[in-house]
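S.K.: Sharing a model prediction with you, sequence too.
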Amino acid sequence: MSNAPVKGLRGVVAGQTAVSQAYGEEGRLVFRGYSIDDLVANATFEEVAYLLWNGELPNRAQADALKAQMAAERALPDLALDFLGRVPKDSAPMDVLRTVVSMLGLVDRRPVPSVAQAISATAKVATILAAFQRIRSGQPPLAPRADLSHTGNYIYMLTGRQPSEVAARCLGAYFILLADHSYNASTFTARVVTSTDTDLYSALSAAIGALKGPLHGGAPSLVLAMLDDIGSADKAEAWLRAEIAARKPIMGIGHRVYHSEDPRAEILRELARQVCDPAFFQFAHTVEQTALRLVHENPRAARMHTNVEYYSAAVLHAAGLPPDMFTPTFAASRTAGYTAHILEQRAEHDLIRPLAAYTGPVDRKAVPLDQRA
(Lines give C-alpha, C1' and ligand atoms only; values in the text may rest on other atoms or scores of the structure.)
Protein backbone atom coordinates (compact mmCIF):
# COMPACT_ATOMS: atom_id res chain seq x y z
CA MET A 1 0.00 0.00 0.00
CA SER A 2 1.33 3.42 -0.95
CA ASN A 3 2.16 5.92 1.81
CA ALA A 4 1.91 8.86 -0.58
CA PRO A 5 -0.21 11.71 0.78
CA VAL A 6 -3.67 12.23 -0.68
CA LYS A 7 -4.36 15.84 -1.60
CA GLY A 8 -7.19 17.24 0.47
CA LEU A 9 -7.67 13.79 2.08
CA ARG A 10 -9.90 13.04 -0.92
CA GLY A 11 -11.33 9.55 -0.50
CA VAL A 12 -9.50 8.93 2.77
CA VAL A 13 -11.55 7.43 5.61
CA ALA A 14 -10.59 9.73 8.50
CA GLY A 15 -12.91 8.41 11.22
CA GLN A 16 -16.19 6.77 12.10
CA THR A 17 -19.63 8.22 12.68
CA ALA A 18 -23.14 6.96 13.33
CA VAL A 19 -24.68 10.40 12.72
CA SER A 20 -25.12 10.43 8.94
CA GLN A 21 -23.88 9.00 5.69
CA ALA A 22 -23.91 10.25 2.11
CA TYR A 23 -23.98 7.47 -0.48
CA GLY A 24 -22.46 9.21 -3.48
CA GLU A 25 -22.93 6.51 -6.08
CA GLU A 26 -26.58 5.99 -5.16
CA GLY A 27 -27.47 9.63 -4.59
CA ARG A 28 -28.77 8.90 -1.10
CA LEU A 29 -28.37 10.63 2.28
CA VAL A 30 -29.35 9.09 5.62
CA PHE A 31 -29.43 10.46 9.16
CA ARG A 32 -29.06 7.74 11.80
CA GLY A 33 -30.31 5.23 9.22
CA TYR A 34 -33.34 7.26 8.07
CA SER A 35 -33.56 8.53 4.50
CA ILE A 36 -33.88 12.29 4.27
CA ASP A 37 -36.91 11.76 2.02
CA ASP A 38 -38.73 10.03 4.88
CA LEU A 39 -37.60 12.64 7.41
CA VAL A 40 -38.75 15.60 5.31
CA ALA A 41 -42.12 13.90 4.77
CA ASN A 42 -42.71 12.75 8.35
CA ALA A 43 -40.73 14.87 10.83
CA THR A 44 -40.06 18.47 11.84
CA PHE A 45 -36.63 20.04 12.11
CA GLU A 46 -36.82 19.80 15.89
CA GLU A 47 -37.54 16.05 15.66
CA VAL A 48 -34.60 15.57 13.28
CA ALA A 49 -32.33 17.51 15.62
CA TYR A 50 -33.44 15.19 18.43
CA LEU A 51 -32.59 12.24 16.19
CA LEU A 52 -29.11 13.57 15.47
CA TRP A 53 -28.38 14.23 19.14
CA ASN A 54 -29.96 11.10 20.64
CA GLY A 55 -29.92 8.46 17.92
CA GLU A 56 -33.69 7.90 17.79
CA LEU A 57 -36.70 9.88 16.66
CA PRO A 58 -38.68 11.29 19.60
CA ASN A 59 -42.10 10.16 20.69
CA ARG A 60 -44.83 12.77 21.21
CA ALA A 61 -43.83 13.62 24.78
CA GLN A 62 -40.14 13.88 23.88
CA ALA A 63 -40.89 16.04 20.83
CA ASP A 64 -43.06 18.40 22.86
CA ALA A 65 -40.41 18.64 25.56
CA LEU A 66 -37.69 19.45 23.04
CA LYS A 67 -39.81 22.10 21.33
CA ALA A 68 -40.41 23.77 24.70
CA GLN A 69 -36.74 23.54 25.63
CA MET A 70 -35.57 25.03 22.33
CA ALA A 71 -38.08 27.86 22.68
CA ALA A 72 -36.83 28.56 26.19
CA GLU A 73 -33.21 28.73 24.95
CA ARG A 74 -33.75 31.14 22.05
CA ALA A 75 -33.14 34.39 23.94
CA LEU A 76 -29.60 35.78 23.78
CA PRO A 77 -27.57 36.84 26.81
CA ASP A 78 -27.16 40.59 27.34
CA LEU A 79 -23.48 40.34 26.40
CA ALA A 80 -24.40 39.10 22.91
CA LEU A 81 -27.19 41.62 22.40
CA ASP A 82 -24.91 44.48 23.47
CA PHE A 83 -22.26 43.35 20.99
CA LEU A 84 -24.79 43.03 18.16
CA GLY A 85 -25.87 46.61 18.81
CA ARG A 86 -22.28 47.83 18.48
CA VAL A 87 -20.95 45.75 15.59
CA PRO A 88 -20.47 47.67 12.31
CA LYS A 89 -23.56 47.26 10.15
CA ASP A 90 -21.46 46.41 7.11
CA SER A 91 -19.95 43.37 8.86
CA ALA A 92 -20.29 40.04 7.09
CA PRO A 93 -23.06 38.00 8.78
CA MET A 94 -20.82 34.90 8.95
CA ASP A 95 -18.17 36.92 10.80
CA VAL A 96 -20.79 38.18 13.23
CA LEU A 97 -22.18 34.69 13.76
CA ARG A 98 -18.75 33.16 14.37
CA THR A 99 -17.89 35.89 16.87
CA VAL A 100 -21.15 35.78 18.83
CA VAL A 101 -21.12 31.97 19.00
CA SER A 102 -17.65 32.22 20.52
CA MET A 103 -18.98 34.82 22.97
CA LEU A 104 -21.66 32.38 24.14
CA GLY A 105 -18.82 30.39 25.68
CA LEU A 106 -18.16 33.30 28.03
CA VAL A 107 -21.64 32.83 29.50
CA ASP A 108 -22.08 29.07 29.22
CA ARG A 109 -18.83 27.78 30.74
CA ARG A 110 -19.68 24.10 30.97
CA PRO A 111 -16.45 22.42 29.83
CA VAL A 112 -17.94 19.14 28.62
CA PRO A 113 -20.33 19.31 25.62
CA SER A 114 -23.82 18.00 26.34
CA VAL A 115 -27.18 17.64 24.61
CA ALA A 116 -28.42 20.57 26.70
CA GLN A 117 -25.66 22.74 25.25
CA ALA A 118 -26.43 21.48 21.74
CA ILE A 119 -30.06 22.51 22.18
CA SER A 120 -29.09 25.93 23.49
CA ALA A 121 -26.59 26.61 20.68
CA THR A 122 -28.97 25.48 17.94
CA ALA A 123 -31.76 27.65 19.34
CA LYS A 124 -29.55 30.73 19.71
CA VAL A 125 -27.85 30.67 16.31
CA ALA A 126 -31.11 31.56 14.55
CA THR A 127 -31.71 34.40 17.03
CA ILE A 128 -28.21 35.79 16.45
CA LEU A 129 -28.77 35.95 12.71
CA ALA A 130 -32.24 37.45 12.90
CA ALA A 131 -31.15 40.07 15.44
CA PHE A 132 -28.19 41.17 13.34
CA GLN A 133 -30.26 41.32 10.15
CA ARG A 134 -32.80 43.61 11.82
CA ILE A 135 -30.21 45.81 13.52
CA ARG A 136 -28.27 46.40 10.31
CA SER A 137 -31.58 47.21 8.60
CA GLY A 138 -32.28 49.91 11.18
CA GLN A 139 -34.93 47.90 13.06
CA PRO A 140 -34.93 46.68 16.66
CA PRO A 141 -34.44 42.94 17.17
CA LEU A 142 -37.56 41.00 18.03
CA ALA A 143 -37.96 38.74 21.03
CA PRO A 144 -38.42 35.10 20.00
CA ARG A 145 -41.88 33.56 20.16
CA ALA A 146 -42.40 30.27 21.97
CA ASP A 147 -45.59 29.46 20.05
CA LEU A 148 -43.81 29.10 16.71
CA SER A 149 -41.66 26.31 15.32
CA HIS A 150 -37.91 26.85 15.12
CA THR A 151 -38.05 27.88 11.47
CA GLY A 152 -41.36 29.73 11.82
CA ASN A 153 -39.85 31.77 14.63
CA TYR A 154 -36.76 32.46 12.52
CA ILE A 155 -38.93 33.92 9.76
CA TYR A 156 -40.87 35.96 12.32
CA MET A 157 -37.71 37.34 13.96
CA LEU A 158 -36.32 38.28 10.55
CA THR A 159 -39.43 39.89 9.08
CA GLY A 160 -41.73 40.76 11.98
CA ARG A 161 -44.54 38.97 10.16
CA GLN A 162 -46.44 35.82 11.01
CA PRO A 163 -44.98 33.23 8.63
CA SER A 164 -47.31 31.45 6.26
CA GLU A 165 -47.74 27.73 6.79
CA VAL A 166 -46.11 27.01 3.43
CA ALA A 167 -43.11 29.27 4.12
CA ALA A 168 -42.47 27.80 7.57
CA ARG A 169 -42.87 24.24 6.29
CA CYS A 170 -40.57 24.75 3.31
CA LEU A 171 -37.88 26.46 5.37
CA GLY A 172 -38.25 23.66 7.93
CA ALA A 173 -37.65 21.13 5.15
CA TYR A 174 -34.57 23.11 4.08
CA PHE A 175 -33.26 22.99 7.66
CA ILE A 176 -33.75 19.20 7.73
CA LEU A 177 -31.96 18.69 4.42
CA LEU A 178 -28.97 20.79 5.47
CA ALA A 179 -28.80 19.59 9.09
CA ASP A 180 -25.91 17.22 8.49
CA HIS A 181 -23.73 15.72 5.77
CA SER A 182 -21.21 13.35 7.35
CA TYR A 183 -17.52 14.35 7.28
CA ASN A 184 -17.66 17.56 5.25
CA ALA A 185 -14.95 20.19 5.75
CA SER A 186 -16.64 22.18 8.51
CA THR A 187 -17.91 19.13 10.39
CA PHE A 188 -14.45 17.60 10.28
CA THR A 189 -13.10 20.89 11.59
CA ALA A 190 -15.51 20.68 14.53
CA ARG A 191 -14.39 17.12 15.24
CA VAL A 192 -10.68 17.99 15.09
CA VAL A 193 -11.17 20.83 17.57
CA THR A 194 -13.38 18.69 19.82
CA SER A 195 -10.76 15.94 19.85
CA THR A 196 -8.56 18.19 22.00
CA ASP A 197 -11.26 17.96 24.72
CA THR A 198 -12.12 21.63 24.40
CA ASP A 199 -15.57 23.16 24.91
CA LEU A 200 -18.53 23.07 22.52
CA TYR A 201 -18.39 26.74 21.53
CA SER A 202 -14.72 26.57 20.50
CA ALA A 203 -15.51 23.68 18.17
CA LEU A 204 -18.72 25.24 16.87
CA SER A 205 -17.14 28.62 16.09
CA ALA A 206 -14.32 26.83 14.25
CA ALA A 207 -16.87 24.93 12.15
CA ILE A 208 -18.65 28.16 11.27
CA GLY A 209 -15.32 29.67 10.22
CA ALA A 210 -14.75 26.72 7.88
CA LEU A 211 -18.26 26.95 6.45
CA LYS A 212 -17.70 30.59 5.54
CA GLY A 213 -15.32 29.62 2.74
CA PRO A 214 -16.78 29.82 -0.79
CA LEU A 215 -15.48 26.34 -1.64
CA HIS A 216 -17.73 24.94 1.08
CA GLY A 217 -20.77 26.91 2.23
CA GLY A 218 -20.71 30.03 0.09
CA ALA A 219 -22.20 28.67 -3.14
CA PRO A 220 -25.95 29.42 -2.72
CA SER A 221 -25.44 33.17 -2.94
CA LEU A 222 -23.25 32.60 -6.00
CA VAL A 223 -26.12 30.73 -7.66
CA LEU A 224 -28.37 33.76 -7.22
CA ALA A 225 -25.61 36.01 -8.57
CA MET A 226 -25.34 33.73 -11.61
CA LEU A 227 -29.08 33.95 -12.25
CA ASP A 228 -28.93 37.73 -11.90
CA ASP A 229 -26.08 37.87 -14.43
CA ILE A 230 -27.95 35.68 -16.92
CA GLY A 231 -31.04 37.84 -16.56
CA SER A 232 -33.50 35.92 -18.75
CA ALA A 233 -34.03 32.42 -20.07
CA ASP A 234 -33.25 33.36 -23.68
CA LYS A 235 -29.73 34.43 -22.64
CA ALA A 236 -28.97 31.30 -20.61
CA GLU A 237 -27.31 29.16 -23.27
CA ALA A 238 -24.93 31.81 -24.54
CA TRP A 239 -23.97 32.86 -21.00
CA LEU A 240 -23.40 29.27 -19.88
CA ARG A 241 -21.44 28.32 -23.00
CA ALA A 242 -19.11 31.24 -22.39
CA GLU A 243 -18.52 30.15 -18.79
CA ILE A 244 -17.86 26.55 -19.82
CA ALA A 245 -15.49 27.67 -22.59
CA ALA A 246 -13.60 29.73 -20.01
CA ARG A 247 -13.41 26.61 -17.78
CA LYS A 248 -15.36 28.34 -15.04
CA PRO A 249 -17.57 26.30 -12.70
CA ILE A 250 -21.33 26.49 -13.12
CA MET A 251 -22.72 27.31 -9.70
CA GLY A 252 -25.08 24.65 -8.34
CA ILE A 253 -23.88 21.93 -10.73
CA GLY A 254 -21.60 19.11 -9.57
CA HIS A 255 -20.66 17.72 -6.16
CA ARG A 256 -17.55 16.12 -4.70
CA VAL A 257 -19.52 13.24 -3.18
CA TYR A 258 -22.55 12.63 -5.37
CA HIS A 259 -22.07 11.13 -8.83
CA SER A 260 -25.80 11.13 -9.45
CA GLU A 261 -28.21 13.92 -8.51
CA ASP A 262 -27.74 15.25 -5.00
CA PRO A 263 -30.79 13.78 -3.18
CA ARG A 264 -31.39 17.10 -1.46
CA ALA A 265 -31.64 18.90 -4.80
CA GLU A 266 -34.67 16.94 -5.94
CA ILE A 267 -36.59 17.82 -2.76
CA LEU A 268 -35.47 21.45 -2.85
CA ARG A 269 -36.60 21.74 -6.46
CA GLU A 270 -40.14 20.87 -5.41
CA LEU A 271 -39.94 23.20 -2.40
CA ALA A 272 -38.83 26.01 -4.71
CA ARG A 273 -41.75 25.26 -7.01
CA GLN A 274 -44.10 25.76 -4.04
CA VAL A 275 -42.67 28.96 -2.57
CA CYS A 276 -41.07 30.88 -5.44
CA ASP A 277 -42.70 33.31 -7.79
CA PRO A 278 -43.73 31.07 -10.72
CA ALA A 279 -41.85 33.17 -13.28
CA PHE A 280 -38.65 33.07 -11.20
CA PHE A 281 -38.94 29.33 -10.68
CA GLN A 282 -39.47 28.71 -14.41
CA PHE A 283 -36.43 30.87 -15.19
CA ALA A 284 -34.26 29.05 -12.63
CA HIS A 285 -35.46 25.67 -13.88
CA THR A 286 -34.70 26.58 -17.49
CA VAL A 287 -31.18 27.69 -16.54
CA GLU A 288 -30.67 24.45 -14.60
CA GLN A 289 -31.77 22.23 -17.49
CA THR A 290 -29.73 24.22 -19.99
CA ALA A 291 -26.64 23.99 -17.77
CA LEU A 292 -27.01 20.23 -17.42
CA ARG A 293 -27.45 19.77 -21.17
CA LEU A 294 -24.35 21.81 -21.94
CA VAL A 295 -22.20 20.28 -19.21
CA HIS A 296 -23.10 16.78 -20.40
CA GLU A 297 -21.86 17.57 -23.90
CA ASN A 298 -18.49 16.73 -22.40
CA PRO A 299 -18.50 12.94 -21.78
CA ARG A 300 -16.15 13.40 -18.82
CA ALA A 301 -18.83 15.50 -17.09
CA ALA A 302 -21.60 12.94 -17.51
CA ARG A 303 -21.78 12.35 -13.76
CA MET A 304 -22.24 16.00 -12.85
CA HIS A 305 -25.74 16.84 -11.67
CA THR A 306 -27.62 19.52 -9.75
CA ASN A 307 -26.41 19.94 -6.18
CA VAL A 308 -27.99 21.22 -3.00
CA GLU A 309 -26.90 24.82 -3.51
CA TYR A 310 -28.87 25.44 -6.70
CA TYR A 311 -32.40 25.34 -5.32
CA SER A 312 -31.28 26.33 -1.83
CA ALA A 313 -30.74 29.75 -3.36
CA ALA A 314 -34.28 29.80 -4.72
CA VAL A 315 -35.88 28.68 -1.44
CA LEU A 316 -33.93 31.15 0.69
CA HIS A 317 -34.59 33.95 -1.80
CA ALA A 318 -38.32 33.20 -1.58
CA ALA A 319 -38.10 33.37 2.22
CA GLY A 320 -36.95 36.99 1.85
CA LEU A 321 -33.35 36.49 2.89
CA PRO A 322 -30.65 38.69 1.33
CA PRO A 323 -27.89 36.69 -0.41
CA ASP A 324 -25.30 37.27 2.30
CA MET A 325 -27.66 35.55 4.77
CA PHE A 326 -27.81 32.32 2.74
CA THR A 327 -24.65 30.74 4.16
CA PRO A 328 -25.41 31.88 7.74
CA THR A 329 -28.86 30.26 7.44
CA PHE A 330 -27.10 27.12 6.20
CA ALA A 331 -25.06 27.35 9.42
CA ALA A 332 -28.24 27.69 11.48
CA SER A 333 -29.52 24.38 10.15
CA ARG A 334 -26.12 22.64 10.26
CA THR A 335 -25.60 23.57 13.93
CA ALA A 336 -27.75 20.57 14.84
CA GLY A 337 -25.37 18.31 12.92
CA TYR A 338 -22.22 20.04 14.13
CA THR A 339 -23.23 19.60 17.74
CA ALA A 340 -24.19 15.94 17.15
CA HIS A 341 -20.69 15.31 15.80
CA ILE A 342 -19.14 17.26 18.67
CA LEU A 343 -20.96 15.02 21.15
CA GLU A 344 -19.92 11.89 19.27
CA GLN A 345 -16.28 12.97 18.98
CA ARG A 346 -16.04 14.01 22.63
CA ALA A 347 -17.20 10.54 23.70
CA GLU A 348 -14.24 9.03 21.82
CA HIS A 349 -11.56 10.97 23.78
CA ASP A 350 -9.13 10.42 20.92
CA LEU A 351 -6.96 13.27 19.62
CA ILE A 352 -7.04 13.68 15.84
CA ARG A 353 -3.37 14.18 14.95
CA PRO A 354 -2.52 13.19 11.34
CA LEU A 355 0.94 13.08 9.81
CA ALA A 356 2.16 15.31 6.99
CA ALA A 357 4.61 14.69 4.17
CA TYR A 358 7.36 17.31 4.56
CA THR A 359 8.35 18.97 1.27
CA GLY A 360 10.77 21.63 2.51
CA PRO A 361 14.58 21.79 2.38
CA VAL A 362 16.80 19.55 4.55
CA ASP A 363 20.23 19.66 6.19
CA ARG A 364 20.47 23.44 6.33
CA LYS A 365 22.90 24.98 8.81
CA ALA A 366 22.21 28.04 10.94
CA VAL A 367 25.02 30.60 11.30
CA PRO A 368 25.25 33.64 13.60
CA LEU A 369 23.40 36.76 12.49
CA ASP A 370 26.50 38.75 11.54
CA GLN A 371 27.64 35.97 9.19
CA ARG A 372 24.44 35.88 7.11
CA ALA A 373 24.44 37.50 3.68
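M.R.: Done, it's in. Numbering: from 1, shown residues only.
S.K.: quick one, strands of the stretch 101-250 of the chain?
M.R.: Secondary structure of the stretch 101-250 of the chain (DSSP state E, counting those that start in this stretch): no strands present.
S.K.: Residues contacting the one helix or strand Asp82 maps to, please?
M.R.: In this structure, Asp82 is located in helix 78-86 according to DSSP states H and E. If you take C-beta atoms under 8 Å, 6 or more residues apart in numbering as the criterion, helix 78-86 is touched by 76, 96, 99-100, 103-104, 106-107, 124, 128, 131-132, 135, 141. All C-beta spots, glycine's among them, are computed from the backbone N, C-alpha and C.
S.K.: Swap in 7 Å and give it another go.
M.R.: The set of residues external to helix 78-86 that reach it, using C-beta atoms under 7 Å, 6 or more residues apart in numbering, is 100, 103-104, 106-107, 128, 131-132, 135.
S.K.: Produce a ChimeraX select command limited to the buried residues of these.
M.R.: Restricted to buried positions by 16 or more other C-beta atoms under 10 Å, the ChimeraX selection for the contacts of helix 78-86 reads:
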select :100,103,104,128,131,132,135
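S.K.: Just the ones of the contacts of helix 78-86 in helices?
M.R.: Mapping these onto helices (DSSP state H) picks out 100, 103-104, 106-107, 128, 131-132, 135.
S.K.: Count the neighbours of Ser195 for me.
M.R.: By other C-beta atoms under 10 Å, 19 other residues sit near Ser195.
S.K.: How about it: what's its closest non-neighbour residue?
M.R.: Once its chain neighbours are removed from consideration, Ser195 has its nearest residue in Ile352; the separation is 4.2 Å (C-beta to C-beta, 6 or more residues apart in numbering).
S.K.: What separation do you get for that neighbour and Gly15?
M.R.: Taken as C-beta to C-beta, to the nearest Å, the spacing of Ile352 relative to Gly15 amounts to 7 Å.
S.K.: Need the overlap of contacts for those two.
M.R.: The contact sets of Ile352 and Gly15 overlap at Arg191 (C-beta under 7 Å, 6+ apart).
S.K.: Could you check the pLDDT of the residue lying closest to Leu215 once chain neighbours are set aside?
M.R.: With C-beta to C-beta, 6+ apart as the criterion, Leu215 has its nearest non-adjacent residue at 7.9 Å, and that residue is Ala185. The predicted local distance difference test score for Ala185 is 93.
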